[in-house]
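Colleague: Make a model of this:
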Amino acid sequence: AMFQMAALLSNKDLDIFEPNKSLYLYTQAARLGYLDAQLLLGSIYNDSDVSIYNPQKAFEFYRAAAKQGNPEGLYFYAEMLLSGRGTGANFKAAAESLIIAAEKGYAPAQFLLGDLYGKGKGVTQSNSLALKWLKASAIQKYQRAYYSLGENMKKGASSSEELQEAIYWLELAAANNEPQAQYLLSKIYFAGEGVSPDKAIADSYLMSSAENGLPEAQFEYSKRLEEKSGKNEKTAFLMISAAENGFAGAFKQAGLYLRDSAENSDKERAAFFFKQAADAGDGLSQLETAYNFDDGIGFPKDRKEALRYYKLSAEQGFVEAEMKLAEAYNHGEGVNTNFELAFEYYQRAANKENIEAAFNLGKMYQAGIGVTENTKEAIKWYEKAATNGHLESQVNLGMIYIVGQQTLQDFERAHMWFNIAASRGNQ
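Modeller: Have a look, this model is predicted:
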């Protein structure tokens, strides 16, 4: 009677609508052991969108329902024990509750129990028991079980029949717009695993998975479309979506799209994604992040952070980063002047055919800065730069051959280099 009266008082369409009194009567009924009231109050207090959200009270009422052996109560009680909402997390107690509910045939509990057996949480890990409970749930058409069952069956398939059954459950999940199932099926059809290879079907599943928001599918579909028709707004949208959804492999590409887009350039967002990729170890993104800290794009200007990212990028062999560090140590830009380190970074960059680095090595060898003076080595590096059109190297070579430092004077060579420099406008 209390429960029925509470239901009437909670009806907004009736003149007797009194929500506070309704809640009081529901509570009284629940405390007297009325199962429906316990379950209802558990769901009300477990709803984070309502003003009276109270996970501790939700746990209390679900526990009361569970003690009566009610499968739904057992399930939600276990679910709260797994999440730790309203109580401390307790996987073992959760598993014990789910076993009772699962054995009573409650499909959501069977699904969750299968997941626990697969992961070995609260129970001893067992693939066979995971499959048993996932299949029991799926047979009852509990849709959340379709993908998990199909995925687990595929992993353990030892025959074509088992693989076909796995594909059956995955296709059911995919038909219910489960993006992970669609993604896995795209791989299956692309590789021809248990099916005839079919790129069109594979692409269709990949597209559906991407459209349903799976970040790895968005990344792969973007790359697939780019291979077919080049970069465009759709490939950019998919890549940026993958990055926004946390897929690490998309961070750099999203940054490049946002940096380089003629229509939708957004250097601030690009800086955010580059830093994500940089912190995951991508060398190009470390270089871009260093530039952004130097220029104050996306972050306040911070020379110390810029140098830190230049060093990370240089460690991966990026010549631009090596040059930035060489210049910093050569001129004391944000660090103490250190000619030896400047020489080291110039040498690393010069060995990668960087002409400006070769010129600077020539200067350092000629002047004995950061290295023992050696005019022959200076000539070697100047010539490397000069033959690639570096004007100052051409002039310096001309001067060396006139003066004859550590080598015979060679007016013919001096004349040649001065003429080359003059032809390029040097007076």
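
Colleague: since we're on Asn419, how many residues are nearby?
Modeller: 12 (other Cβ atoms under 10 Å). For every residue, glycine as well, the C-beta is placed using N, CA and C.

Colleague: sec struct for it, please.
Modeller: State at Asn419, reduced to three classes by DSSP: H, G, I helix; E, B strand; the rest coil: helix.

Colleague: can you tell me how far it sits from His390?
Modeller: Counting by Cβ to Cβ, to the nearest Å, the gap from Asn419 to His390 is 16 Å.

Colleague: And Ala93, by the same measure?
Modeller: With distances taken as Cβ to Cβ, Ala93 is found 74 Å from His390.

Colleague: neighbour-wise, which of these two wins?
Modeller: Under the criterion of other Cβ under 10 Å, the comparison of Ala93 against His390 puts His390 first, with 22 against 16.

Colleague: Pretty sure that one sits against Ala358.
Modeller: Yes. Using Cβ atoms under 8 Å, His390 makes contact with Ala358 at a distance of 7.5 Å.

Colleague: Now the most centrally placed residue in the chain. Nearest residue, chain neighbours left out?
Modeller: The geometric centre of the chain, computed from its C-alpha atoms, lies nearest to Ala248 (Cα atoms, centre = their mean), at 2.3 Å. If the residues on either side of it in the chain are set aside, Ala248 comes closest to Ala280, at 5.2 Å by Cβ to Cβ, 6 or more residues apart in numbering.

Colleague: mind checking pLDDT for that neighbour?
Modeller: pLDDT, Ala280: 95.

Colleague: picking that back up, now do the contacts for the residue nearest to the centre of the chain.
Modeller: 276-277, 280 (Cβ atoms under 8 Å, 6 or more residues apart in numbering).

Colleague: Tell me how far Tyr117 lies from Lys252.
Modeller: For Tyr117 relative to Lys252 (Cβ to Cβ), the value is 38 Å.

Colleague: To clarify, my last question referred to Asp36.
Modeller: The spacing between Asp36 and Lys252, counted by Cβ to Cβ, is 55 Å.

Colleague: got it, and Ile379?
Modeller: Distance from Ile379 to Lys252, by Cβ to Cβ: 41 Å.

Colleague: Repeat that for Asn292.
Modeller: 13 Å.

Colleague: so Val371 is in which element?
Modeller: Using DSSP states H and E, Val371 maps to neither a helix nor a strand.

Colleague: thought it was touching Gly362?
Modeller: No. At 11.1 Å, Val371 does not count as touching Gly362 under the criterion of Cβ under 8 Å.

Colleague: Who has more neighbours out of these two?
Modeller: Using other Cβ under 10 Å, the more surrounded residue of Val371 and Gly362 is Gly362, with 29 against 19.

Colleague: list the contacts for the more buried one?
Modeller: 378-382, 385, 393, 396.

Colleague: How far away from the center of its chain is the helix or strand harbouring it?
Modeller: Per DSSP H and E, Gly362 falls inside helix 355-367. How far helix 355-367 lies from its chain's middle: 42 Å, per Cα atoms, centre = their mean, to the nearest Å.

Colleague: before we move on, what about stretch 272-287?
Modeller: Centroid separation for stretch 272-287 versus its chain: 11 Å, with Cα atoms, centre = their mean.

Colleague: first to last residue in that stretch, what's the distance?
Modeller: End-to-end distance of stretch 272-287 (Cα to Cα, to the nearest Å): 13 Å.

Colleague: Show me which residues of it are buried.
Modeller: For stretch 272-287, burial by neighbour count (16 or more other Cβ atoms under 10 Å) applies to 272-278, 282-287.

Colleague: which pair in those spans the largest distance?
Modeller: For the buried residues of stretch 272-287, the farthest-apart pair by Cβ to Cβ is Phe272 and Gly283; their separation is 18.1 Å.

Colleague: Report the two of the contacts of Gly362 separated the most.
Modeller: Lys380 and Asn396 (12.5 Å).

Colleague: okay, those two: which has more neighbours?
Modeller: Asn396 (22 against 14).

Colleague: any idea how far that one lies from Ala414?
Modeller: 11 Å.

Colleague: ok, which stretches of the stretch 151-300 of the chain are helices?
Modeller: 160-175, 179-191, 199-211, 215-229, 233-244, 251-260, 267-279, 283-295 (DSSP state H, counting those that start in this stretch).

Colleague: Present those helices as a markdown table; the columns should include distance to Ala30.
Modeller: Shown next, in a markdown table, are the helices of the stretch 151-300 of the chain (distance: least, Cβ to Cβ, whole Å):
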| stretch | distance to Ala30 |
| --- | --- |
| helix 160-175 | 37 |
| helix 179-191 | 38 |
| helix 199-211 | 43 |
| helix 215-229 | 42 |
| helix 233-244 | 43 |
| helix 251-260 | 49 |
| helix 267-279 | 48 |
| helix 283-295 | 55 |
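
Colleague: Quick check: which of those helices is nearest to Gln56?
Modeller: Among the helices of the stretch 151-300 of the chain, helix 179-191 comes nearest to Gln56, with 33.4 Å by Cβ to Cβ.

Colleague: Next, the angle from that closest one to helix 215-229.
Modeller: 40 degrees (axes from the mean of the first three to the mean of the last three Cα atoms, to 10 degrees).

Colleague: ok now helix 179-191, how far from the chain's centre?
Modeller: The answer for helix 179-191 is 20 Å, by Cα atoms, centre = their mean.

Colleague: And stretch 282-295, by the same measure?
Modeller: The answer for stretch 282-295 is 18 Å, by Cα atoms, centre = their mean.

Colleague: Next, the residues that contact it from outside, please.
Modeller: 251-252, 255, 259, 267, 270-271, 274-278, 297-299, 301-303, 305-310, 312-313, 315-318, 320-321, 324.

Colleague: Can you give me every residue that contacts Ser158?
Modeller: Here Ser158 is in contact with no residues (criterion: Cβ under 8 Å, 6+ apart).
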